[in-house]
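[1] I'd like to go over a predicted model; first the sequence, then the structure.
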Amino acid sequence: MIGKMRHAGIVVKDLEESLQFYKLLGFKVDKQKQVRKPSGYVDTLLAGKNIELSILNLVAPDGSIIELLECGKDRIEEKRALLGIGLSHLAFTIRDIEEVYSKLSAEGVEFICPPQLSPNGYVKVVFCRAPEGSFLELVEIL
């Protein structure tokens, strides 16, 4: 039924701040769309009224896409818990977890803990929080 995953959509507070964060991880801007005026299509699709959106598509080196959505007044403010019901996190494979951890920490990125070696010794893993509150799992395969 499903061909492949198309993208992950993330509602953000500040499009520019989130863009800078994801650029640190190696994402590049693919397409940017602005829906400034309310659109019947967007309102129907998102079950809202007079929705104004800015949409930014970012592409990872492997072609994976993240869609950042900045909404005006229609955004719901809620800080997610890592183990809350619903989508928990996005996971990315990286080359050097210690280097990435140091780089992102220096930029003020919030981590749950330092990188951890899995019990089987196959991977090192760490979770961080993106500016909008989403959790990212960074994984280095050893």
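    Yep, it's here.

[2] Only C-alpha atoms from now on, for both contacts and neighbour counts.
    Noted.

[3] Am I right that residue 69 is in contact with residue 58?
    No: if you go by C-alpha atoms under 8 Å, residue 69 and residue 58 don't touch, sitting 11.1 Å apart.

[4] okay, now the domains of this structure?
    8-71, 90-141 (automatic domain parsing).

[5] Format those domains as a markdown table; extra columns: mean pLDDT, mean neighbour count and distance to residue 2.
    Listed next are the domains of the chain as a markdown table, based on pLDDT from 0 to 100; neighbours: other C-alpha atoms under 10 Å; distance: least, C-alpha to C-alpha, whole Å:
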| stretch | mean pLDDT | mean neighbour count | distance to residue 2 |
| --- | --- | --- | --- |
| domain 8-71 | 84 | 16 | 15 |
| domain 90-141 | 95 | 16 | 19 |
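
[6] Output these in a markdown table, with distance to residue 80 appended to each entry.
    A markdown table is the format used below for the domains of the chain (distance: least, C-alpha to C-alpha, whole Å):
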| stretch | distance to residue 80 |
| --- | --- |
| domain 8-71 | 12 |
| domain 90-141 | 7 |
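
[7] Wait, a strand at residue 44?
    No: for residue 44, which was evaluated using DSSP: H, G, I helix; E, B strand; the rest coil, the result is helix, with no strand membership.

[8] before we move on, what SS does the residue of the chain most remote from its centre have?
    Of all residues in the chain, residue 120 sits farthest from the chain's C-alpha centroid, using C-alpha atoms, centre = their mean; the distance is 27.8 Å. Counting by three-state DSSP, the backbone at residue 120 sits in coil.

[9] how much space between it and residue 142?
    Taking C-alpha to C-alpha, to the nearest Å as the measure, residue 120 and residue 142 are separated by 11 Å.

[10] Same check on residue 96?
    9 Å.
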